[in-house]
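Peer 1: model the following, please.
(4 chains)
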2 protein chains.
Amino acid sequence: MTVRTTEGDPATGNVDRAAAAGAALLAGGDLWSDLPPTARAIVVAAIDSFADRGFHATTLRHIAAGSGLSTAALYVHFRSKDEVLFEVSRRGHARALGLVRDAAAQGPPEHAFRTLVYAFSRWHAEQRTVARVVQYEFAALGPEHREQVTGLRRATERVVRGVVAEAIGGSAEDAATRGVCTAVLSLGVDVARWFGPAGPYTPDGVGRLYCELAERMLVPR
Amino acid sequence: MTVRTTEGDPATGNVDRAAAAGAALLAGGDLWSDLPPTARAIVVAAIDSFADRGFHATTLRHIAAGSGLSTAALYVHFRSKDEVLFEVSRRGHARALGLVRDAAAQGPPEHAFRTLVYAFSRWHAEQRTVARVVQYEFAALGPEHREQVTGLRRATERVVRGVVAEAIGGSAEDAATRGVCTAVLSLGVDVARWFGPAGPYTPDGVGRLYCELAERMLVPR
DNA sequence: GTCTATATGACGATAGAC
DNA sequence: GTCTATCGTCATATAGAC
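Peer 2: Residues are numbered from 1 along each chain as shown, chains lettered A, B, ... in the order given. Predicted structure coming up:
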């Protein structure tokens, strides 16, 4: 954003600190490392296709080809195509919730807010394919799966609401809190739609940009 | 957002003026009014299903049922399911481009910026179903259709880029301009994902909220 | 312009051999 | 645990009567 050359500039320093803290939160291992190798290959192939074509346009033949198996072999590892989606969605939502929880634990409140915005946006850029499935294939989940995932979504929103309220210095029910909360969640989520490695941004760049813009949202001009 | 009781408060006044100007831009007629009645019924039914289930999960039987026709009758009015999507997507994109163009013509630059943010966000709330198809079924378009629509998307982004540059007082190539441009477009687009009539916002409320938050983004703290 | 009936193919999921 | 072969279903799209 605005170029700042001054050493120790407070605003840039804030973003730097949030970026450092956020990067540490994102350093966790692979989401699928505990799956058996074949199940993992299936999940990875499924994510690629879900993110690219969407759940409904993805066929078992796509997933089978991507994981080097026959369609019949998929059923040894998952009960159905829906169950593969659920596995991806559940873990992805849990990861997003974990991120915002970890960020919320970073005091002081304004630092927690910046770290949350940085980490949440950057994750949606870095893990763009998983994030796309998480955010845009939610409606494709079956009713009972959707309900489980809804719990994780609500928990995420509650955490963000609390962090924004503390950063603003208001209550979680204020319109101002709700407004900023809606905006920062929306900005982060939508990164999964528009971000691509061919674009002008790095994941870190997206995180820093939104960290700075979100901070500006906190205070009326 | 922040409650302001002062009469003639400049920031609230700015939002009010943008809301009035934006509301006027949105007052145009139905997007499909020039279609023959049957084609129109098909398009409306298709939009509902595309927005609800997505293009790939929508079958011709859904569209047929929604428009009170048999699947065979659909082919009298459209060559294929893809062509229905293209008609919706093309007109929706053209409408969004028209909106931002009209907003850009409102001087002075900061008023144009506020009006653009207001109108763009509010349209995505008010016309949520069309906007969902426009924004989230882009990838479902065939290659040649996608290319035509890409032109409209690029034109929209160019207009927004120019308005943001003028409001910031920088060039269209500045990182600051690009950053704010990305954010306001993203916020507006994502409204189509999360907005619902059951939620806490009205379309006007979304427009006003984002109008104010976007204005705060313009100036470093 | 709309209908019923149908062609053609791909889908998710299963059977049974190895 | 993986394969080939296939089942039953439903998709898009067409044919031909009215």
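
Peer 1: could you report the neighbour count for the residue lying closest to residue A:187 once chain neighbours are set aside?
Peer 2: In this structure, residue A:187 finds its nearest non-sequential neighbour in residue A:210, 5.4 Å apart by C-beta to C-beta, 6 or more residues apart in numbering or on different chains. Where C-beta positions appear, they are placed from N, C-alpha and C, glycine not excepted. Counted by other C-beta atoms under 10 Å in any protein chain shown, the residues lying close to residue A:210 total 27.

Peer 1: pull out the buried positions in the lowest-mean-pLDDT helix or strand in chain A.
Peer 2: Every helix and strand of chain A was ranked by mean pLDDT, DSSP states H and E. The lowest is helix A:10-25, at a mean of 94. By 16 or more other C-beta atoms under 10 Å in any protein chain shown, the buried positions in helix A:10-25 come out as A:11, A:12, A:14, A:15, A:17, A:18, A:19, A:21, A:22, A:23, A:25.

Peer 1: cool, stretch A:213-221 as well?
Peer 2: Buried residues in stretch A:213-221, counting neighbours by 16+ other C-beta under 10 Å, are found at A:213, A:214, A:215, A:216, A:217, A:218.

Peer 1: so which of the buried residues of helix A:10-25 reach chain B?
Peer 2: Contacts with chain B within those, counted by C-beta under 8 Å from any C-beta of the partner chain: residue A:11.

Peer 1: close to DNA strand C, is the helix or strand just after the least confident helix or strand of chain A?
Peer 2: Going down the chain from helix A:10-25, the next helix or strand is helix A:37-53, by DSSP states H and E. No. Shown here: helix A:37-53 not in contact with DNA strand C (C-beta under 7 Å from any atom of the strand), separated by at least 9.8 Å.

Peer 1: buried residues in helix A:37-53, which are they?
Peer 2: The neighbour-count check on helix A:37-53 (16+ other C-beta under 10 Å) flags A:39-51 as buried.

Peer 1: show me what from chain A comes close to DNA strand D.
Peer 2: Residues of chain A lying close to DNA strand D (C-beta under 7 Å from any atom of the strand) are A:36, A:38, A:68, A:69, A:70, A:71, A:72, A:73, A:76, A:77.

Peer 1: give the contact list for the residue nearest to residue A:187.
Peer 2: A:117, A:118, A:121, A:184, A:187, A:188, A:191, B:183 (C-beta atoms under 8 Å, 6 or more residues apart in numbering or on different chains).

Peer 1: which of these are buried? Put it as a ChimeraX command.
Peer 2: Applying 16+ other C-beta under 10 Å to the contacts of residue A:210, the buried members can be selected in ChimeraX as follows:
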select /A:117,118,121,184,187,188,191 /B:183
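
Peer 1: return the subset of the contacts of residue A:210 lying in helices.
Peer 2: Residues of the contacts of residue A:210 located in helices (DSSP state H): A:117, A:118, A:121, A:184, A:187, A:188, A:191, B:183.

Peer 1: from residue B:136, how far off is the first one?
Peer 2: It refers to residue A:117. 24 Å (C-beta to C-beta, to the nearest Å).

Peer 1: any idea of the pLDDT on residue A:221?
Peer 2: Looking at residue A:221, its pLDDT stands at 70.

Peer 1: three-state assignment of it?
Peer 2: Secondary structure state of residue A:221, per DSSP: H, G, I helix; E, B strand; the rest coil, is coil.

Peer 1: tell me the contacts of it?
Peer 2: By C-beta under 8 Å, 6+ apart, the contact list for residue A:221 reads B:11, B:215, B:216, B:219.

Peer 1: now swap in residue A:193 and tell me
Peer 2: Residue A:193 neighbours (C-beta under 8 Å, 6+ apart): A:132, A:135, A:136, B:135, B:136, B:186, B:189, B:190.

Peer 1: 10 Å instead?
Peer 2: Contacts of residue A:193 were listed using C-beta atoms under 10 Å, 6 or more residues apart in numbering or on different chains, and they are A:124, A:128, A:131-132, A:135-136, B:135-136, B:138, B:186, B:189-190, B:193.
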